[in-house]
Structures are given as C-alpha cells and as structure tokens.
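*Asks:* need a structure here:
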Amino acid sequence: MAGFHVGHMGLHVPSIDEEMEFLEKLGGSVTGIDQMDNGTRVAFVSMDGERHHTIALFEDGEKLPSGNSRMRGTGLHHIAMPVDSRDDVDKWQKELEEKGVKTAGPSIQGPEGGGLENGSGSYSIFFQDPNGICFEIYTGSMSVAEFKTSKAAAQ
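*Replies:* Numbers count the residues shown, from 1 in each chain. Predicted coordinates for the structure are as follows:
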C-alpha cells in the first residue's frame, strides 16, 4: 500500500482575522469563510495558491498558555512547510523578520549537525503565530533511503 501526504490542517484559533494577518505574511489567502451549524466560523486558507485550502481555521480556540506549541506537550507541535533551497529558507527568514515575526535558526536537523542526530538533514527556521502555534520552513529533507544509507555509512 502506498503512503499518503497531508492534505490540510485544521487549527482552533481565537480570531480568524488575527491568524490571517499572520498567514498573509507567509503568502496565505482566504478562499472562503463559512459558519458551522454550531455557530463556529471557519476559514479556508490556501497557502500554495493552488489547492482550495491547506489550512482550515476554526474560530473557537484559545491562545496557548506557554506561547509556543513546541514547549507544551498538548496537541500540535508544529507545522512544517517545504521550500526548494537553503537560499529560500534564508529569504523567508529575512522577509519574516522584516515583517516583525521573530524566527529561530536556521538550524540543520540531523547528520550535518545542530539538530537531532536522527533528523532528516533538513535546514530550517522556526517561528510562532499570534496564538503560539509553531511553524517551520525547511528544505533538504532526506528520503528514507538516503537516511538509511547515511546511517549505514556512519557505522
């Protein structure tokens, strides 16, 4: 059986407008907004400009008390978005910083150093949305076969 990819993510947020102000800095745009039977507003957000939505925002959430989803062991840890190159990661970091978004990194996850020893080798930056949900922009993640080869070579 073949594997699958993530089609979209649904996030609980206190304010669609506040979250969209953040997601627009990443190139996101609202495809549509609806209201569920229980009264909850939901916004469909396209981050790639192609798919109807890659993120669905449910306006029924709260900000994370820790201010960083990577620091609190509940629910979502982070949302990772791939780009084509390390230059792209660096350009995103510069652009986000210019727009007032604090970033951490870049760091390298895995054998090249700086992150988890068994990481994918990706080059990445991390940052939080206004609710404390962590986002990652990364490139260079190894395939499973590449990782197995690198681990075998290291032994």
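
*Asks:* what residues go with each domain of the protein?
*Replies:* Segmentation of the chain into domains, based on automatic domain parsing, reads 7-62, 78-155.

*Asks:* helix/strand/coil for Lys94?
*Replies:* helix (DSSP: H, G, I helix; E, B strand; the rest coil).

*Asks:* C-terminal to the helix or strand Ser124 falls within, what's the next element?
*Replies:* Taking DSSP states H and E as the criterion, the element that holds Ser124 is strand 122-128. Later in the chain than strand 122-128, the nearest helix or strand by DSSP H and E is strand 134-139.

*Asks:* so what does that next one touch, helix or strand wise?
*Replies:* Using 3 or more Cβ pairs under 8 Å, 6 or more residues apart in numbering; DSSP states H and E, the elements in contact with strand 134-139 are strand 78-82, helix 86-98, strand 122-128. For every residue, glycine as well, the C-beta is placed using N, CA and C.

*Asks:* relative to strand 122-128, how tilted is it?
*Replies:* 160 degrees (axes from the mean of the first three to the mean of the last three Cα atoms, to 10 degrees).
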